[in-house]
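J.: sequence and predicted structure are below.
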Amino acid sequence: MTVLTMPAQPAQDTAAPRPVPWRRMIWVTWRQHRAMLISVLAVLGAISVFLWIAGLDIHHNYAVMTACRPAGSAACQTLSSNFTSTDWTMANVLGILLQLAPVLIGAFAGAPLLARELETGTFRYAWTQGFGRARQAIAKLVLVAVTITVAAWAFSEVFTWFFKPFLGTSSLTVLSATVFDARGIVFAAWTLAAFTIGAFAGMLIRRVVPAIAVTLGAYLGLNLLAWLELRKFYPVSLVTSNPSLFDGSTNSATSPWVLSTWYTGPGGKPANQSVVNQVLALFPHNGPPLTNETPAQALARHHITEWFRYIPVSRFWPMQFIEAGWLLALSVLLIAATVWLVRRRAA
Amino acid sequence: MNVIETNGLGKCYGRTWALRECTLAIPAGHLAALVGPNGAGKTTFMNMSVGLAVPTAGTVTVLGDQPVGSPAALDGIAFVAQDAPVYLNLSAGDMLHLTRNLNRRFDQRYAHERLAGLGIPLGKKAGKLSGGQRAQLALTLALARRPQLLILDEPLAMLDPLARQDFMATVMTSMAEDGVSVLLSSHALAELERVTDYLVLLSGGQVQVTGEVEDLLACHRVLTGPAAEADSLARQLRVVQARRGGAQAHLLVRTGGPDDPVPPGWEAHPVSLEELALAYLRSPGAEVLPGPSLVQHTEPTEVAR
């Protein structure tokens, strides 16, 4: 530590003083939030180590299972059923639990960031220091946000590696909701969004516990909205009338995500629904088809075409960028709103 | 330079005015006491002076016309809020380092020497300090910033009599050595009487008295004389408060100065600051406004109206 010596009487200059340098906030943020940062990193680290150890085992089992010849033999069946029972059960539970990781990190790190200052009254200390309260809020929000976002990204990379063998074996593709959320850059983006929701809620409500509750609610609402509605409307979907894309095993890791199907009659007009129903009745869900034709052939006899709107798995990255993009925009907006509240809101 | 200057300053919470029509100017170089009963608007006034509350009406500037919350104002004003808030999970040493990082100036040596002198170990968590030690820590942090103006909200409330003396001694030393101006609030004037040289008396959200203590004492006196003559005398003089005890009446009056003639048959006594403050608080209609520096400043505004 250096000793600063100052003139006893400060200069009575009228010009605005040089602002306190931004880099000083690195130590300040670390000292004030290190318990939270360390626990987030420790929990993610511990789970990562577990995933790594368990993952080595799973990758080994998977390699043995796929190398087993002949595939239909009893020994191979045992390997396969072991893999889908023990290993898959654990991975499935983990995958579902990890859906909650972003919001838990975000609420734990974000909600108390400013709410605790307001709750305990220390904002009266912090906001009257020379650094300025808006600058302090910006520095803290950005530093903590970057740290936990990077940590979440690294963590999701570990989970992606861990989960790889289950793609294709468990009718999951990279576009399945729980898989899509946990890999690529989206996991980190959701963590960032949860953090900024938490910080904003904390500043708005000024109480830690209610702010955490609101963060959980708002995040889950947003997450469900994305799952059930928004992703269908990302401009990455394709339209085809070629049904061969969707034949074959639904267990394939490359089968596309079918958003909707519809039928057109002659000349591209909407098909007569009763005719469509008659044809589809030939292909009951339970039981063998009542005709030798394929569904497409049967429909074609009536001049009806089945159309599919679908997202191929190759659109994984565009979808990731779209989702991460709007989440990032939302986060920036929430940080701006939080700083605006700090600047404006008075005791 | 005026360290704080307000014009028609008011703050409304919901429908209640915590402070209204507050117009005053506190010149630099004083230990100014902001006195008033609980709920008089002292904390509201201080919060608006340091930017923790936004005025509903009027204006406030600090350190010679700097806007509140501007970099110059934040840099030059150190504020210790009520109950001396510090991070309870941080050690005293961490609080020093934190304050040093959050400010342009910080006299580390001064802070270390003072904490050592007070026997506050640097490694001890702020939450484990006694109330008095915590107040001293907060004061040390504020003074080490080498401010031009130190604002203290009810600093003595959490201190025992001995700690009060130590605390005030520290404040007086930095006034004498570094020329710091001080504004402190209290609901009890008694313990400030000997040290304060500027008084702002708030009552019911309004400024009742403001001025240098010396001037205020010089233009007030207590007249003691026959109760029978009290009423006729009161009509000729500006009586702040009248007390009757048997045949004797005590009138606290405002005069033009110490040379004003004493009415025949009456005896004049000087008044103490506490007596004066209490008399004004008991007579909400009486005021001493505005102070000399203020008249000069507000003249243009008066014309504009």
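T.: Done, it's in. Numbering: from 1, shown residues only, chains lettered A, B, ... in the order given.
J.: now do the contacts for residue A:99.
T.: Residue A:99 is in contact with A:178, A:181-182, A:223, counting by C-beta atoms under 8 Å, 6 or more residues apart in numbering or on different chains. (Each C-beta comes from the backbone N, C-alpha and C, glycine too.)
J.: what is the nearest of those to residue A:75?
T.: Using C-beta to C-beta, residue A:178 comes nearest to residue A:75 of the contacts of residue A:99, at 31.4 Å.
J.: domain ranges for chain A?
T.: Per automatic domain parsing, the structural domains of chain A span A:24-233+A:315-344, A:238-313.
J.: could you single out the most deeply buried of those?
T.: domain A:24-233+A:315-344 (a mean of 19; mean count of other C-beta atoms under 10 Å in any protein chain shown).
J.: in the stretch 151-300 of chain A, what residue lies closest to chain B?
T.: residue A:206 (13.5 Å; C-beta to the nearest C-beta).
J.: for that residue, give me phi and psi.
T.: Per-residue torsions, residue A:206: phi 70, psi 20 (degrees, to the nearest 10).
J.: quick one: contacts for it?
T.: The contact partners of residue A:206, by C-beta under 8 Å, 6+ apart, come to A:115, A:118-119.
J.: how does it look with 10 Å?
T.: Applying C-beta atoms under 10 Å, 6 or more residues apart in numbering or on different chains to residue A:206 gives the contacts A:114-119, A:123, A:341, A:345, A:347.
J.: between these, which is nearest residue B:236?
T.: Nearest to residue B:236 out of those is residue A:347 (C-beta to C-beta; 47.8 Å).
J.: would you map the strands across chain B?
T.: With strands called from DSSP state E, chain B shows them at B:2-13, B:16-27, B:31-35, B:57-62, B:66-67, B:77-80, B:149-152, B:181-186, B:198-203, B:206-212, B:220-226, B:238-245, B:248-254, B:267-270.
J.: what residues does the shortest one touch?
T.: Spelled out, it's strand B:66-67. For strand B:66-67, contacts defined as C-beta under 10 Å, 6+ apart pick out A:14, A:16, B:51, B:59-61, B:72-77.
J.: same thing but 7 Å
T.: Outside of strand B:66-67, the residues within contact range by C-beta atoms under 7 Å, 6 or more residues apart in numbering or on different chains are B:61, B:72-73.
J.: got it, and the last one?
T.: Outside of strand B:267-270, the residues within contact range by C-beta under 7 Å, 6+ apart are B:217, B:221-225, B:262.
J.: swap in the third one?
T.: Here strand B:31-35 makes contact (C-beta under 7 Å, 6+ apart) with B:26, B:42, B:45, B:175, B:182-186, B:189, B:192, B:195-202, B:277.
J.: same thing but 8 Å
T.: With C-beta under 8 Å, 6+ apart, strand B:31-35 has contacts from B:26, B:42, B:45-46, B:171-172, B:175, B:181-187, B:189, B:192, B:195-202, B:277.
J.: each with direction, which strands does that strand pair with?
T.: Next to strand B:31-35 in the sheet, as set by DSSP bridges, lie strand B:181-186 (parallel), strand B:198-203 (parallel).
J.: between that strand and strand B:206-212, how many degrees?
T.: Using axes from the mean of the first three to the mean of the last three C-alpha atoms, to 10 degrees, the inter-axis angle of strand B:31-35 relative to strand B:206-212 is 160 degrees.
J.: quick one, strand B:31-35 and strand B:2-13 angle?
T.: Using the same axes, to 10 degrees: strand B:31-35 against strand B:2-13 is 20 degrees.
J.: are we agreed that residue A:150 is in a helix?
T.: Yes: counting by DSSP: H, G, I helix; E, B strand; the rest coil, residue A:150 is found in a helix.
J.: and it, what does it touch?
T.: Going by C-beta under 8 Å, 6+ apart, residue A:150 touches residue A:188.
J.: I'd like the distance between it and chain B.
T.: Going from residue A:150 to chain B by C-beta to the nearest C-beta, to the nearest Å gives 24 Å.
J.: is residue B:149 in a bridge, and if so with what?
T.: Beta-bridge pairing for residue B:149 (DSSP bridges): residue B:77, residue B:181.
J.: then residue B:268?
T.: Beta-bridge partners of residue B:268, as defined by DSSP bridges: residue B:223.
J.: that one: neighbouring residues, count only.
T.: 17 (other C-beta atoms under 10 Å in any protein chain shown).
J.: the one 3 residues further on now?
T.: Per other C-beta under 10 Å, the neighbour tally for residue B:271 reads 20.
J.: same check on residue B:246?
T.: The burial count for residue B:246: 6, using other C-beta under 10 Å.
J.: residues touching it, list them.
T.: Residue B:246 neighbours (C-beta under 8 Å, 6+ apart): residue B:227.
J.: for residue B:224, see how far away it is.
T.: The gap separating residue B:246 from residue B:224 is 12 Å, by C-beta to C-beta, to the nearest Å.
J.: residue A:79 too?
T.: 110 Å.
J.: of the contacts of strand B:267-270, closest to chain A?
T.: Ranked by distance to chain A (C-beta to the nearest C-beta), those are led by residue B:217 at 29.8 Å.
J.: need the pLDDT of residue B:210.
T.: Residue B:210 carries a pLDDT score of 92 in this model.
J.: I figured it hits residue B:24, correct?
T.: Yes: in this structure residue B:210 lies within contact range of residue B:24 using C-beta atoms under 8 Å: 4.7 Å.
J.: which strands or helices does whichever strand or helix holds residue A:89 pack on?
T.: Assessed by DSSP states H and E, residue A:89 sits inside helix A:88-98. Under the contact definition 3 or more C-beta pairs under 8 Å, 6 or more residues apart in numbering or on different chains; DSSP states H and E, helix A:88-98 sits against helix A:24-67, helix A:133-163, helix A:177-182.
J.: any chance of the ones you listed in TSV, plus mean pLDDT?
T.: As requested, those are exported to TSV (pLDDT from 0 to 100):
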stretch	mean pLDDT
helix A:24-67	94
helix A:133-163	96
helix A:177-182	87
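J.: in contact with the closest residue to residue A:294 other than its chain neighbours, which residues?
T.: Excluding the flanking residues, the one nearest residue A:294 by C-beta to C-beta, 6 or more residues apart in numbering or on different chains is residue A:243, at 7.5 Å. By C-beta under 8 Å, 6+ apart, the residues touching residue A:243 are A:294-296, A:306, A:308.
J.: re the thing from before, intersect the contacts of strand B:66-67 with the contacts of chain A.
T.: residue B:72 (C-beta under 8 Å from any C-beta of the partner chain).
J.: write a PyMOL command that selects only the buried members of the contacts of strand B:66-67.
T.: Burial among those is assessed by 16 or more other C-beta atoms under 10 Å in any protein chain shown; the matching PyMOL selection reads:
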select buried, chain B and resi 61+72+73
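J.: which one of the contacts of strand B:66-67 is nearest to chain A?
T.: residue B:72 (5.4 Å).
J.: low-confidence stretches in the stretch 151-300 of chain B?
T.: For the stretch 151-300 of chain B, the stretches flagged by pLDDT under 70 are B:288-300.
J.: can you list the residues of it near chain A?
T.: Counting by C-beta under 8 Å from any C-beta, the residues of the stretch 151-300 of chain B close to chain A are B:177-179.
J.: domain parsing for chain B?
T.: Chain B resolves into domains spanning B:2-214, B:219-283 when parsed by automatic domain parsing.
J.: okay then, goodbye and thanks.
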